[in-house]
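Peer 1: how would this look folded up:
(one chain, ligands or ions: 1)
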Amino acid sequence: MSEGEGDDAGDADSADGSGAGTDGSGDTVVRRDRFSGGPARSFLSSMDADDRIFAADLAVDRAHVVMLAEQGIVSEDDAATILGALADVEAAGFDALPEGEDVHEAIETAVVDEVGSVGGKMHTARSRNDEVATCIRYRLREDLLDAIEAVLALRGALADVAAAEAETVMPGFTHLQPAQPTTVAHWALSYEGTLARDTGRLLDAYDRANESPLGGAAFAGTTFDVDRERTADLLGFDGVVTNATDAAASRDFLLEAVAALSSVAVTGSGLAEDVVFFANRGFVDVSDDYASTSSIMPQKKNPDTMELVRATAGDALGAYQGLATTLKGLPRAYNRDLQRATGHAWTAADSVTQAVEVAAGAVATADWPAEALEAAAGEGFSTATGVADALAAAGLPFRTAHEIVALAAEQGADLEAVDAAAQEVTGESLSALVDPELVAAALDPAESVAQRDSTGGPAPGAVREALGDVRDGVDADQAAVAAEREALADAHDSLAGEVADYV
Ligand code: ARG
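Peer 2: The predicted model follows:
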């Protein structure tokens, strides 16, 4: 190995435990004197961000050492010594770590500081390259499950709104202009549907993140007889990323995760914008818990939380852009650029999860003033499509019906106006074309909604029917998350059990 590239360590001089020796200062464990660090030391370091993968690295170290002992690559006594030191490192906590280029180096240094050169055997048959890739995937799994749970809470809140407001008629908009009457329930389920697909995207990202790079070493495998399936299993991964270069150098799993998070953020930003707009029109009353006020205008109640949710799309899409740009054009295999890729994923995960949690709370606690909504539901002749449909259903070509209603829109948008327009366009009175009762019904917003009972339409019956599938979908995704959490908890316990056999 070339000096200083601690990541190839296991291949040769660590095999007997001497290569990663220490002079007692700890600081030279990986770097040696040539690389003690100069003006660029803090620039090189990822320590500030590595707290997030401290627990992951300890788990990865433990699984690796257990596997090394099982494979006879290190003795059981040496494994016990190293595992004992790792317990002390964990107990002391991240802040007690010695200085290091990153958490991997710092933990190794702390182990060697405690137990001497035998601690250097921990890095046998691996590299920081497969190690960090494993740590990121290990931690990302939890972050993705947290994000999915937040999305499920929002979907549940939207389903609750749909159940409670199936009859609450409100204006529906296209181009932000009144378009057709709909219901609060139908509006809510429109976002639930998109978020259900977003959940699927997050679960897909989880599946592909849930594979172990460990044992790929620097990028070209190792001469040692490692059992990669075993470490994958000990860490709760579904399997291994087979190709060692792919394992150590790929970050497409981060890109996929951030893309899925970005999709959630984009969906959430639309929902937030709707709530801001509805609040402006008096169509929704956001709970005080999710509103803010003005420091000067005493009468103000502003939907600030939803504005911040709307803005979170900027965090997520910025993270996607930063990540994709960092990864673009990187050659095989590991390049240090990858160190700066990781943070983008954490930014996206944190901001999106937090925003979605807040959105769920705001939706769950909002009030929908039925009277104001119904009064506004017919504004802008929003029932026009239904009137044209009634004329077409009576046998008129839809294009003729469209012309009649367009004319009526200019002449008062009521029954008389439709009658006058019908005469003007067809030369016949309305009652000769259609039962005027049907037109009168179509002019009523609630009736108009009730009539649009096609699959996926806003009629209360259609919404209630859809709601059953919505609840089933939320439950199924909840069960998928619970199963993944359980698998992670089982792996955590079984790794602890294996470690306990040594120490
Ligand atoms: N902190 C580094 C990262 O996040 C660890 C890998 C260092 N590997 C190397 N060959 N210098 O990517």
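
Peer 1: only C-alpha atoms for contact and neighbour calcs from this point on.
Peer 2: Noted.

Peer 1: Run the contact check for stretch 237-256 versus the ligand.
Peer 2: No: judged by Cα under 6 Å from any ligand atom, stretch 237-256 makes no contact with the ligand; its nearest approach is 9.3 Å.

Peer 1: Next: stretch 118-131.
Peer 2: Yes: Stretch 118-131 lies within reach of the ligand by Cα under 6 Å from any ligand atom, at 128-129.

Peer 1: Next, the distance between the ends of that stretch.
Peer 2: 19 Å (Cα to Cα, to the nearest Å).

Peer 1: Count the residues that sit near whatever residue of the chain ends up closest to the ligand.
Peer 2: At 3.6 Å from the ligand, residue 339 is the closest residue in the chain, using Cα to the nearest ligand atom. A count of nearby residues for residue 339, using other Cα atoms under 10 Å, gives 17.

Peer 1: That one and residue 304: what is the separation?
Peer 2: 35 Å.

Peer 1: What of residue 252?
Peer 2: Relative to residue 304, and taking Cα to Cα, residue 252 is found at 35 Å.

Peer 1: which element is the nearest residue to residue 98 once chain neighbours are set aside on?
Peer 2: In this structure, residue 98 finds its nearest non-sequential neighbour in residue 106, 5.6 Å apart by Cα to Cα, 6 or more residues apart in numbering. Element membership for residue 106 (DSSP states H and E) is helix 103-115.

Peer 1: got the residue ranges for the strands in this protein?
Peer 2: 169-174, 177-183 (DSSP state E).

Peer 1: how about the residues of the stretch 251-400 of the chain near the ligand?
Peer 2: 336, 338-339.

Peer 1: on that earlier part again, please produce a markdown table containing the strands of the chain, extended by mean neighbour count.
Peer 2: Converted to a markdown table, the strands of the chain look like this (neighbours: other Cα atoms under 10 Å):
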| stretch | mean neighbour count |
| --- | --- |
| strand 169-174 | 21 |
| strand 177-183 | 23 |
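
Peer 1: contacting residues for the spatially most distant residue from the centre of the chain?
Peer 2: Residue farthest from the centre of the chain, counting by Cα atoms, centre = their mean, is residue 427 at 59.6 Å. By Cα atoms under 8 Å, 6 or more residues apart in numbering, residue 427 lies in contact with nothing.

Peer 1: Roughly how far does it sit from residue 318?
Peer 2: Taking Cα to Cα, one finds residue 427 at 60 Å from residue 318.

Peer 1: In CSV, could you pull the C-alpha coordinates for the helix or strand bottoming out on mean pLDDT in the chain?
Peer 2: Taking mean pLDDT, DSSP states H and E as the measure, the chain has helix 41-44 as its least confident helix or strand, at a mean of 88. C-alpha atoms of helix 41-44 as CSV (Å, rounded to 0.1, in the frame of the first residue of the first chain):
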residue,chain,number,x,y,z
ARG,A,41,-6.4,19.8,8.2
SER,A,42,-9.8,21.1,9.1
PHE,A,43,-10.8,21.4,5.4
LEU,A,44,-10.0,17.7,5.0
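
Peer 1: Model confidence at the residue farthest from the centre of the chain, what's the number?
Peer 2: For residue 427, the model assigns a pLDDT of 93.

Peer 1: Phi and psi next, for it.
Peer 2: Taking degrees, to the nearest 10, you get phi 80, psi 0 for the backbone angles of residue 427.

Peer 1: Okay, helices next: where are they in the stretch 401-503 of the chain?
Peer 2: Here the stretch 401-503 of the chain has its helices, by DSSP state H, counting those that start in this stretch, at 415-426, 430-433, 436-442, 445-451, 460-500.

Peer 1: now, of the ones you listed, which is deepest in the fold?
Peer 2: helix 445-451 (a mean of 22; mean count of other Cα atoms under 10 Å).

Peer 1: and it, what's its mean pLDDT?
Peer 2: 93.

Peer 1: what does stretch 383-396 give?
Peer 2: Mean predicted confidence for stretch 383-396 is 91.

Peer 1: Can you point out the buried residues in it?
Peer 2: The neighbour-count check on stretch 383-396 (16 or more other Cα atoms under 10 Å) flags 383-392, 396 as buried.

Peer 1: Same check on stretch 40-52?
Peer 2: Here stretch 40-52 shows 45-47, 49-52 as buried, counting by 16+ other Cα under 10 Å.

Peer 1: Ends of that stretch, what's the gap?
Peer 2: 23 Å.

Peer 1: ok, back up a step: can I get the CA coordinates of the helix holding residue 106 in PDB?
Peer 2: Output in PDB follows, covering the C-alpha atoms of helix 103-115 (Å, rounded to 0.1, in the frame of the first residue of the first chain):
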ATOM      1  CA  VAL A 103     -15.100   9.500  12.700                       C
ATOM      2  CA  HIS A 104     -13.700   6.200  11.300                       C
ATOM      3  CA  GLU A 105     -10.100   7.300  11.900                       C
ATOM      4  CA  ALA A 106     -10.900   8.800  15.300                       C
ATOM      5  CA  ILE A 107     -12.600   5.600  16.600                       C
ATOM      6  CA  GLU A 108      -9.700   3.500  15.400                       C
ATOM      7  CA  THR A 109      -7.300   5.900  17.100                       C
ATOM      8  CA  ALA A 110      -9.300   5.700  20.300                       C
ATOM      9  CA  VAL A 111      -9.200   1.900  20.200                       C
ATOM     10  CA  VAL A 112      -5.500   1.800  19.600                       C
ATOM     11  CA  ASP A 113      -4.900   4.400  22.300                       C
ATOM     12  CA  GLU A 114      -6.800   2.100  24.700                       C
ATOM     13  CA  VAL A 115      -5.500  -1.300  23.900                       C
END
